[in-house]
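Would you be able to build a 3D model of this:
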Amino acid sequence: MSDSQDTDMNIEIWKIKKLIKALESARGNGTSMISLIMPPRDQIARVAKMLGDEYGTASNIKSRVNRQSVLAAITSAQQRLKLYNKVPPKGLVLYTGTIITEDGKEKKVTIDFEPFKPINVSLYLCDNKFHTEALNELLESDDKFGFIIMDGNGTLFGTLSGNTREVLHRFTVDLPKKHGRGGQSALRFARLRMEKRHNYVRKTAELATQFFINQATSQPNVAGLILAGYRRRS
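Here you go, the predicted model:
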């Protein structure tokens, strides 16, 4: 990462920390504060429909004041979502509702933004406060770990960074089972089994090098490597 990218990232982290502090200190009456988070592959249409359903449910709230505040917050969320044709590549975070200021007055707030890195959390809550747990997770360690899951049916390669998982590649394998016959046929088949297993392990090792070693520097591109799987009895 270049110096300019480091600077940009530090600025984004500072902004998020400042925003979290402001959001966590905000309080409202009833359940008029909406916390809405959409992961990258979510659909605007799905959430818009969900908000429409929530509007119908909120219309039955007995308290007139709370009902009006909740309906206003849902309407605000609906209007803000109309500004987006689709969920941004890194997800969408939206906070809206009526808060109580330090001097006891009501104030409507709406905050929406694309986070500085993917946020793989789906959240919708109406409360007397904003929920920022997912934002705090964005500030956790960004170390990326590689993982290899290997068994008698195939291998999967992926990475894990915070709560972000990515599958890099997977392939299947058809290994011959143990032969029940004896004599020369059994010996020949045993050699074939060993050869296929050897080729399978070699292919896995070659792909691991391809995915987790920087070809230019010959250094690992992950902080660590997790290996998992099971041995098939045959």
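
Could I get the CA-only coordinates of the host helix or strand of residue 12 as CSV?
Using DSSP states H and E, residue 12 falls within helix 3-25. Presented in CSV, the C-alpha positions along helix 3-25 are these (Å, rounded to 0.1, in the frame of the first residue of the first chain):
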residue,chain,number,x,y,z
ASP,A,3,1.9,6.4,1.4
SER,A,4,-1.1,8.2,-0.2
GLN,A,5,-3.3,5.1,0.3
ASP,A,6,-2.1,4.8,3.9
THR,A,7,-3.1,8.5,4.4
ASP,A,8,-6.5,8.0,2.8
MET,A,9,-7.2,4.9,5.0
ASN,A,10,-6.1,6.7,8.2
ILE,A,11,-8.5,9.6,7.3
GLU,A,12,-11.4,7.1,6.7
ILE,A,13,-10.6,5.4,10.0
TRP,A,14,-10.6,8.7,11.8
LYS,A,15,-14.0,9.6,10.3
ILE,A,16,-15.5,6.3,11.3
LYS,A,17,-14.2,6.7,14.9
LYS,A,18,-15.7,10.2,15.1
LEU,A,19,-19.0,9.0,13.6
ILE,A,20,-19.2,6.0,16.0
LYS,A,21,-18.7,8.3,19.0
ALA,A,22,-21.5,10.6,17.8
LEU,A,23,-23.8,7.8,17.0
GLU,A,24,-23.2,6.0,20.4
SER,A,25,-24.0,9.1,22.3
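
Can you pull out the residues in contact with it?
For helix 3-25, the surrounding residues in contact (C-beta atoms under 8 Å, 6 or more residues apart in numbering) are 1, 95, 111, 115, 116, 129, 130, 132, 135, 136, 138, 139. Every residue, glycine included, has its C-beta placed from N, CA and C.

Looking at those residues, which two lie furthest apart in space?
Greatest spatial distance among these (C-beta to C-beta): 1 and 129, at 35.0 Å.

ranges for the strands of this protein?
Ranges of strands in the chain, per DSSP state E, are 33-38, 92-100, 106-113, 123-127, 145-151, 154-161, 164-172, 224-229.

so how far is residue 56 from the spatially most central residue of the chain?
Nearest residue to the geometric centre of the chain (C-alpha atoms, centre = their mean): residue 120, 2.1 Å. Counting by C-beta to C-beta, to the nearest Å, the separation of residue 120 from residue 56 is 29 Å.

So for the residue nearest to residue 71 when sequence neighbours are not counted, what's the pLDDT?
Distances taken as C-beta to C-beta, 6 or more residues apart in numbering place residue 58 nearest to residue 71, at 5.5 Å, with adjacent residues excluded. Reported pLDDT at residue 58 in the predicted model: 91.

Touching, residue 58 and residue 75? I think so.
No: contact criterion C-beta atoms under 8 Å: residue 58 and residue 75 do not qualify, at 10.1 Å.

Show me which of residue 1 and residue 129 is the more surrounded one.
The neighbour comparison of residue 1 against residue 129 (other C-beta atoms under 10 Å) goes to residue 129, with 17 against 7.
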